[in-house]
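> Pasting a predicted model and its sequence here:
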Amino acid sequence: MKWNWSGRGSGMWRMTVLLMAFAMILAACGGSDDEGSGTTAASGDTATTAPSTETKTINVAIVGNPQMEDITSLTPELFTAETGIKVEYTVLEEQTLREIVTRDVGASGQQFDVVMIGMYEAPQFGENGWLYNLDKWAVDDAAYNKGDLIDAVVSGLSTDNGYWASPFYAESSFLMYRKDVLDAASLTMPDAPTWDEVASIAREINSPDMAGICLRGKPGWGDLGAAFTTVLNTFGGTWWAANPDGSIGAAQVDQPEFKEALTFYVNLLNDAGETDAANASYNECLSQYQDNKVAMWYDATVAASNLEASDSPVKGLNDYALAPTKVTDASGWLWAWALAIPQNAPDPDTAWQYVAWATGPDYLVQAGENLPGGWAAVPPGTRKSLYANPNYQEAAAAFADKTLAAMEAAPINNPGTTPRPGVPAVQFVGVPEFQDVGTRCTEQFSAAIAGNISIDDALKACQSIASEASQ
Amino acid sequence: MEQEVSTELASREVAKKARLRRERWMRRLPLLPALIFTILVTQIPFVMNLWYSLTEWKITPPTPRAFTGFDNYATLFTNTFFRSAVWITVVMTVGAVALSVLLGLGIALLLDREFFGRGLVRTLLITPFLIMPVVAGLIWKTQIFHSLYGVLNWLITAVGFQPVEFVGKMPTWSIITVLVWQWTPFMMLIILAGLQSRPTDILEAARVDGASAYTLFRHITLPGLRPYLELGALLGSIYLIQVFDHIDVITGGGPGSTNVPYFVYQRSIGGGWDFGQAAAYSTVVVAASLVIATIGLRLLGGLLPKEEI
């Protein structure tokens, strides 16, 4: 039966229509949200310096990490006051920055004079002809002192045709562990352990209250993809073989080394890994480590500054070892955030003045003296002079030497045992296809870690994903 | 004579028609700029999307755009990942819509009674719908589902069970749960509007005739609510088919949680940079949404003309 929709009924209809309209508006808002929110903490805020008159202005896009945010507050008095160049910053979350910069630089927009890019992008963008070769200025700039930069980092940002981006911040990976826990179990960790040693220690100290080791398990080429690829390299595997001309060859995911590496990784996490491993990455491991929930952690060297911070509950309880190996000599990754000048920048000379200041040796000293966080908050990993600075050595005593050793050991030009496309690179493959392949494959691996699919199914799916990119 | 009259009548008829047409256009004229604007900002991008879907276009490494015909659509049907994304979209949309309509109906029936503090309860119940999807996703992921810090696992361990890794083990249903939580209030509002417009005289008459509460619900309330349930399900399906935020925040994609919109994102600016393929996939989503909307509007059609909207 149907009701007679008169009187009150039509009022109700009006309400329903209003609701529909309301829903449309909400949906529209939601839609515009999607654009910016690449990942969880999408912060699209723009920090600008104080306005001044009759000065040159440059636009700089940077990623919203603490060290980068520090430089925005120091720029007015340390750079603009000296040079008269005003700097307009756009601070973006990592994935958003990657999307915007790729679109802006790749599609010849003119939004930015200086862009911050990672070690993954620098060689590719440079070879695409999108960036200025910084050697044009860097080799003659005594104050910039290119020789002071850590060699592996420079290699990672260069190709045969140029030096594409100047490092602002760099990191490697190493193993962090609770010395007190290992001591209590009468175990010792070698300074340069193998994965087999690490796995047996992890399984031995694993207990219901404290997991043996924290490894990244969250999908993403920069999350699980980074940690797993270093393991893969040192197990003798690779994502792709290289064609004679260096392009992407056949996918190697179906090879025994790849399976061995993934099986090792998944089993170690199942036997002695952190809770909810399939969702854990840097932040999750950091909080579990600081909560006494894990005894060891393999991740970025920058984590040590969090563990040894004055307010850290595990301060002073830790020790550090080089990234574990299997058949190669070294396996630590190498990552840098670096400043580059796009080919379409209107005034590249002014842009270089800024790059030379922000990534120069003097900025590290200025930052150490001026930042509220002091020397420990200085962007690490780029210059040898920082590790020779007594102030920094004092502030970062627990991890400075181990970090420098890890940075210098990173096998940036030859990370594995077989020829591969996209070097220089350790924890990723320096080809455009890797972002997509790495992310979609790690989704499969993460599902295998969670136990939703088998390792064989994950490898089979990944082999077909990776094969799409083979040439 | 007669003929004259009829020709005169005919010409009068024509003049009247012309006047009517003019009047109609006079009325439409002020709306034209808005219409043209709408066409410019919605239909032209869509046509461009159709064109892109026929090309091979990657921006990194920079390659010139090349026309490839229907290649992108051809790969679409052989791509197992696209098929699994379609399946996830179907499960998520149907699951979330069905559950939220059912829950919404139950809550609306409860709220239809008079009780102290009803206004407050109704406001509180609506709140989940007003929360941003990203925030809702984060709250559920870290404060409710999380195996160490989540409330659910705190309860589970408190009664002596092992903690469950909800998001890791059951990605699809974790996301559906959050979607249901967010969309139940919307369904509830629509159904409540329907309930409150029930003609009381019929209900009273039925009660006088000795009908039980169940009979009343089954034979009077439910048939009368049908258009409201259909409307809710239709709007819910149209919006839930394009869920993105929850997936991005809670799982970041994966075999059990990548739906078609998320897959399109991954193929394009999310790292694939393959705009030709992504455009083809999104064209398919638009086509599917249109089919659902058409079917839904036809279902609703029985109601709409009566209201002369």
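Here it is on my side, so go on.
> Now tell me which helix or strand of the chain has the poorest mean pLDDT.
No chain in the question, so chain A it is. Here the helix or strand of chain A ranked lowest by mean pLDDT, DSSP states H and E is helix A:8-36, holding a mean of 45.
> oops, chain B please
helix B:304-307 (a mean of 50).
> For A:Val115, grab phi and psi.
Main-chain torsions, A:Val115, degrees, to the nearest 10: phi -120, psi 150.
> what separates it from A:Pro256, distance-wise?
Taking C-beta to C-beta, to the nearest Å as the measure, A:Val115 falls 41 Å from A:Pro256. The way it works is simple: take the backbone N, C-alpha and C, and place the C-beta from them, glycine included.
> So which residues of the stretch 201-309 of chain B form helices?
For the stretch 201-309 of chain B, applying DSSP state H, counting those that start in this stretch gives helices covering B:213-216, B:222-240, B:245-250, B:260-267, B:275-301, B:304-307.
> and these as JSON lines, adding mean neighbour count?
Listed next are the helices of the stretch 201-309 of chain B as JSON lines, based on neighbours: other C-beta atoms under 10 Å in any protein chain shown:
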{"stretch": "helix B:213-216", "mean neighbour count": "12"}
{"stretch": "helix B:222-240", "mean neighbour count": "20"}
{"stretch": "helix B:245-250", "mean neighbour count": "25"}
{"stretch": "helix B:260-267", "mean neighbour count": "24"}
{"stretch": "helix B:275-301", "mean neighbour count": "17"}
{"stretch": "helix B:304-307", "mean neighbour count": "12"}
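> could you dump the ones you listed to a markdown table with distance to A:Ser158?
Formatted as a markdown table, the helices of the stretch 201-309 of chain B follow (distance: least, C-beta to C-beta, whole Å):
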| stretch | distance to A:Ser158 |
| --- | --- |
| helix B:213-216 | 78 |
| helix B:222-240 | 48 |
| helix B:245-250 | 34 |
| helix B:260-267 | 30 |
| helix B:275-301 | 30 |
| helix B:304-307 | 66 |
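> Nearest to A:Phe434, out of those helices?
Proximity to A:Phe434, assessed across these by C-beta to C-beta, is greatest for helix B:260-267 (13.3 Å).
> So which other helices or strands are in contact with the closest one?
helix A:433-450, helix B:80-111, helix B:245-250, helix B:275-301 (3 or more C-beta pairs under 8 Å, 6 or more residues apart in numbering or on different chains; DSSP states H and E).
> With adjacent residues omitted, what lies nearest to A:Pro66?
A:Ala377 (7.2 Å; C-beta to C-beta, 6 or more residues apart in numbering or on different chains).
> how about that neighbour, what does it touch?
Applying C-beta atoms under 8 Å, 6 or more residues apart in numbering or on different chains to A:Ala377 gives the contacts A:66-67, A:70, A:367, A:371.
> Sort out which of those residues are in helices and list them.
Of these, the ones assigned to helices by DSSP state H are A:66-67, A:70, A:367.
> residues from the stretch 201-350 of chain A in reach of chain B?
A:218-221, A:275-279, A:288, A:291, A:293 (C-beta under 8 Å from any C-beta of the partner chain).
> Mark which of those residues are part of strands, please.
Among those, no member falls in strands (DSSP state E).
> A:Met189 falls within a strand, correct?
No - assessed with DSSP: H, G, I helix; E, B strand; the rest coil, A:Met189 is coil; it does not lie in a strand.
> what about it, how many residues close to it?
As a burial measure, A:Met189 scores 18 neighbours (other C-beta atoms under 10 Å in any protein chain shown).
> Can you read off the pLDDT for the nearest residue to A:Gly422 once chain neighbours are set aside?
Nearest non-adjacent residue to A:Gly422, counting by C-beta to C-beta, 6+ apart: A:Gly430, 3.5 Å away. We have a pLDDT of 92 for A:Gly430.
> For B:Ile202, give its distance to chain A.
Counting by C-beta to the nearest C-beta, to the nearest Å, the separation of B:Ile202 from chain A is 7 Å.
> Can you show me the helices along the stretch 151-300 of chain A?
Going by DSSP H, counting those that start in this stretch, the stretch 151-300 of chain A shows helices at A:151-156, A:179-184, A:195-205, A:224-234, A:256-272, A:282-290.
> Now do the buried residues in stretch A:269-282.
By neighbour count on 16 or more other C-beta atoms under 10 Å in any protein chain shown, the buried set for stretch A:269-282 is A:269, A:272-282.
> would you list the helices and strands packed on helix B:260-267 in CSV and tack on distance to A:Ala338 and mean pLDDT?
Output for these, formatted as CSV (distance: least, C-beta to C-beta, whole Å; pLDDT from 0 to 100):
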stretch, distance to A:Ala338, mean pLDDT
helix A:433-450, 18, 93
helix B:80-111, 33, 94
helix B:245-250, 27, 93
helix B:275-301, 27, 84
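> just curious, which of the buried residues of stretch A:269-282 is nearest to B:Gly270?
Ranked by distance to B:Gly270 (C-beta to C-beta), those are led by A:Ser281 at 16.9 Å.
> hang on, isn't that closest one packed against A:Leu224?
Yes - using C-beta atoms under 8 Å, A:Ser281 is in contact with A:Leu224, at 7.4 Å.
> Thanks again, I'm all set now.
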